[in-house]
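1. sharing a model that was predicted from the sequence below.
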Amino acid sequence: MKKYLGILLIAVLVSVSGAFAQKTDYKFGHINSNELLSVMPERDSARIELQNYSKMLQEEMEIMQVEYQNKVNLYLEKQETYSDLVKKSKETEIQEMQQRIQGFQQTAQQDLQQKEAELFQPIMDKAQSAIEKVSKEGGFTYVFDLGTGGVLYFSDQSIDILPLVKKELGIE
């Protein structure tokens, strides 16, 4: 019986050591994606286009604010000469203009964010493709981004332990 247990123990040790002898040499890399993006030539033209778009929106906003301020000043100057009906009409007009300005501000901010995404997403996609290509060709298992602290690439050899952790927690 002891001989049988000894042989079994040796077989287990050999199989365990064989499992550990499998490929365990992982190659890690890192990159600062912010630095990469800052040196990409497309970034400057995208930034200039975004600045021009922002300037155009800002100019439109300033025109609306000047028009609003002129209406308010005119109302304040002549409010005593207005009848109640005209006064109420002018106040409503001023309030509606103020609401249009606020609506424009919100829409302009959203448009600016969309424009930024539209301009910079292709640049980020190009950088990501290059990182993936270099990572695969270099045989990297993981590439960490020093700029954002995230993992930019992981190879097919990486093991996803999510199912194991879910099992440990009793989650199906």
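-> Cool, the structure landed.

2. which stretches of this protein form helices?
-> Listed in chain order, the helices of the chain (DSSP state H) span residues 2-21, 33-39, 41-78, 84-138, 162-169.

3. what's the closest of these to Gly150?
-> The minimum distance between Gly150 and the helices of the chain falls on helix 33-39, with 8.6 Å, by CB to CB. For every residue, glycine as well, the C-beta is placed using N, CA and C.

4. name the helices or strands packed onto that closest one?
-> Judged by 3 or more CB pairs under 8 Å, 6 or more residues apart in numbering; DSSP states H and E, helix 33-39 is in contact with helix 84-138.

5. center of the chain - which residue?
-> Within the chain, one residue has its C-alpha closest to the average C-alpha position: by CA atoms, centre = their mean, that is Ala117, at 8.8 Å.

6. run through who's touching stretch 55-66.
-> 97, 100-101, 104-105, 108, 111-112 (CB atoms under 8 Å, 6 or more residues apart in numbering).

7. before we move on, the earlier item: per-stretch mean pLDDT over the helices of the chain, give me the minimum one.
-> With a mean of 46, helix 2-21 has the lowest mean pLDDT of the helices of the chain.

8. turn the helices of the chain into TSV, columns for distance to Gly149.
-> As requested, the helices of the chain are arranged in TSV below (distance: least, CB to CB, whole Å):
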stretch	distance to Gly149
helix 2-21	31
helix 33-39	10
helix 41-78	21
helix 84-138	15
helix 162-169	20
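
9. quick one: closest of these to Leu146.
-> helix 33-39 (7.9 Å).

10. would you mark the buried spots in that closest one?
-> By neighbour count with 16 or more other CB atoms under 10 Å, helix 33-39 contains the buried residues 33, 36-37.

11. Thr81: which of those is nearest?
-> Nearest to Thr81 among the buried residues of helix 33-39: Leu37, at 60.1 Å, using CB to CB.

12. which residues touch that closest one?
-> 43, 123-124, 127.

13. repeat the analysis, applying 6 Å as the threshold.
-> Applying CB atoms under 6 Å, 6 or more residues apart in numbering to Leu37 gives the contacts Arg43.
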